[in-house]
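*Asks:* The amino acid sequence is not available; the structure is as follows:
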C-alpha cells in the first residue's frame with residue numbers, strides 16, 4: 001500500500017504522578033519494563049515496524065533523561081536526513097508557548113509544527129502503553145472509511161472507569177464517547193491511539209481553543225467534538241494492551257511478562273528495539289536459586305529469586321530472597337532481606353534481615369531503600385498460578 005504522509009506525535013510529557021516515587025526523578029516513558037526495556041521503546045518500535053519515520057516526541061516533565069535515552073532516535077532508525085525523530089519540548093515565543101495542561105492542549109501547542117509538516121494523517125499516541133501494533137492496519141481503516149478521526153479501541157476485562165469509553169454501531173462508526181465515566185456503559189475503550197485527518201484536526205484545535213482556551217485532555221473537548229461534528233470510526237485492537245500508568249498495572253504488566261502472558265518483546269517478526277546498556281551477561285553464582293524469572297544484563301544473583309524481574313546491574317546477595325518482585329536498575333537486596341510483591345526503585349539498597357511486602361499488597365521501595373507506599377492488591381489483577 002502507499003503509506004500516506006503521516007506525522008506521528010508521541011505524547012511523552014506527563015508526570016506520571018499515579019506511579020508515585022517511581023517517576024519522581026524520571027519521566028514515565030523511561031520507566032524500565034521487563035528489565036532491560038523502557039516504555040518509550042514500545043511506541044518507537046511500533047512506529048519503526050510500521051515504516052512511519054516522521055516522529056515528534058512531545059515532552060514536558062523532566063525531558064533530559066528521555067532525550068539522553070532516545071539518542072536522537074538511532075536504535076529505531078530515526079536518526080535520518082529526511083524525517084526522523086524531532087524533540088518537541090515546551091518553548092517561549094510564538095504560537096502555543098508554555099506548558100500544556102493536558103494531552104489535547106499539547107496538540108494545540110504543536111499546531112504550527114503539524115501545519116508545517118503538512119501530513120495527510122496525524123497519528124497521536126501515548127508513551128505509557130504496552131502493546132504491539134501495526135499502525136498501517138489502522139491507517140487502512142482510516143482511509144477505507146474516509147474518516148476524519150479513527151480511534152483505535154480495545155476491550156478491557158477490568159472496570160473501564162479510568163479510560164475513554166467508546167460506543168459504536170454495527171458498522172464500526174463511533175456513536176458516543178465518555179471520558180472516565182463513573183458508570184461505564186461498556187468495556188470498549190480507546191487505546192489512546194488516534195488518527196486524525198490533518199485539516200480537520202487543525203480546524204478543531206482552533207475552534208475549541210477559541211471557545212475554551214486550554215483544551216485539557218483529549219476526552220474533555222477534542223474527541224467529543226469530533227464525534228459530534230465529524231466522521232469518527234473505530235479500528236479494533238484485539239491482542240494484548242495495557243495502560244501502564246499505575247503501581248498496580250506496572251507490577252501486573254511485569255508479572256505477566258514473567259509468566260509469559262504479556263506482550264511479546266522479542267517476537268522474531270516484531271522485536272522491540274531498545275537503547276539497552278552495553279553490560280556483561282547476567283551472573284548467577286554458586287548456591288543461587290532462580291525460578292521463572294527474567295535476569296537483565298549486568299545483574300548478579302547469589303540468593304533466591306522466584307517469578308521476578310531483576311534489572312540491569314541489580315544485585316541479590318546470598319541469603320536474600322526475592323519473590324514476585326521487580327528490581328529496577330542497580331537495586332541491591334542485602335543478606336537476610338526478603339521481598340514479596342515489591343517494586344524496588346533504581347539504585348535502592350535494601351538491607352536488614354526482615355521481610356518487605358506481602359501477598360495481599362504491592363509494596364514500593366524508594367531509591368532511599370525505605371518503603372515509599374503500599375497498595376492493596378486488586379483481586380481482579382491477581383495472576384493465576386502457573387501449572
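*Replies:* Everything's here; your move. Everything numeric here is computed off the predicted structure, so don't read it as measured data.
*Asks:* When you work out contacts or count neighbours from here on, use the C-alpha atoms and nothing else.
*Replies:* Noted.
*Asks:* Check which helix or strand residue 70 maps to.
*Replies:* Taking DSSP states H and E as the definition, residue 70 sits inside helix 63-70.
*Asks:* Return the set of buried residues in stretch 185-205.
*Replies:* Of the residues in stretch 185-205, 187-199, 201-202, 204-205 count as buried by neighbour count, 16 or more other C-alpha atoms under 10 Å.
*Asks:* Among the residues you listed, name the ones in strands.
*Replies:* Of the buried residues of stretch 185-205, the ones assigned to strands by DSSP state E are 188, 189, 190, 191, 192, 193, 194, 195, 196, 197.
*Asks:* Mind listing residues that contact the helix or strand bottoming out on mean pLDDT in the chain?
*Replies:* Lowest mean confidence among the helices and strands of the chain (mean pLDDT, DSSP states H and E): strand 266-267, at a mean of 88. The contact list for strand 266-267 (C-alpha atoms under 8 Å, 6 or more residues apart in numbering) reads residue 272.
*Asks:* just how off-centre is stretch 354-372 within its chain?
*Replies:* 23 Å (C-alpha atoms, centre = their mean, to the nearest Å).
*Asks:* do the same with stretch 145-157
*Replies:* 18 Å.
*Asks:* for that stretch, which positions count as buried?
*Replies:* Buried residues in stretch 145-157, defined by neighbour count with 16+ other C-alpha under 10 Å: 145, 147, 148, 149, 150, 151, 152, 153, 154, 155, 156.
*Asks:* Let me see the mean pLDDT of the helix holding residue 70.
*Replies:* Averaged over helix 63-70, pLDDT sits at 91.
*Asks:* go on, stretch 327-336?
*Replies:* The model assigns stretch 327-336 a mean pLDDT of 97.
*Asks:* Pull up the distance across that stretch, start to finish.
*Replies:* The first residue of stretch 327-336 is 17 Å away from its last residue (C-alpha to C-alpha, to the nearest Å).
*Asks:* next one: stretch 317-330
*Replies:* Using C-alpha to C-alpha, the two ends of stretch 317-330 sit 13 Å apart.
*Asks:* Distance from the chain centre to stretch 332-343, please.
*Replies:* 26 Å.
*Asks:* Residues touching that stretch, excluding its own?
*Replies:* Contacts for stretch 332-343 (C-alpha under 8 Å, 6+ apart): 251, 314-328, 347-359, 361-365.
*Asks:* which among the residues you listed end up buried?
*Replies:* Buried among the contacts of stretch 332-343 by 16+ other C-alpha under 10 Å: 251, 314-328, 347-351, 356-358, 361-365.
*Asks:* Test for you: state the pLDDT assigned to residue 381.
*Replies:* For residue 381, the predicted pLDDT is 60.
*Asks:* same question, residue 386
*Replies:* On the pLDDT scale, residue 386 gets 38.
*Asks:* Between the two ends of stretch 229-238, how far is it?
*Replies:* 28 Å.
*Asks:* cool, and stretch 108-126?
*Replies:* Stretch 108-126 end-to-end distance (C-alpha to C-alpha) = 16 Å.
*Asks:* Quick one: mean pLDDT for it?
*Replies:* 95.
*Asks:* Just the buried residues of it, please?
*Replies:* Residues of stretch 108-126 classed as buried under the neighbour-count rule (16+ other C-alpha under 10 Å) are 108, 109, 110, 111, 114, 119, 121, 122, 123, 124, 125, 126.
*Asks:* from the middle of its chain, how far away would it be?
*Replies:* 21 Å.
*Asks:* Pull the residues that contact that stretch.
*Replies:* So stretch 108-126 is in contact with 4-12, 43, 95-97, 100, 192-198, 202, 205-206, 209, 215, going by C-alpha under 8 Å, 6+ apart.
*Asks:* Which of those residues fall in helices?
*Replies:* In helices, defined here by DSSP state H, the members of those are 43, 198, 202, 205, 206, 209.
*Asks:* Any chance of TSV for those, columns pLDDT?
*Replies:* Formatted as TSV, these follow (pLDDT from 0 to 100):
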residue	pLDDT
43	96
198	98
202	97
205	96
206	95
209	94
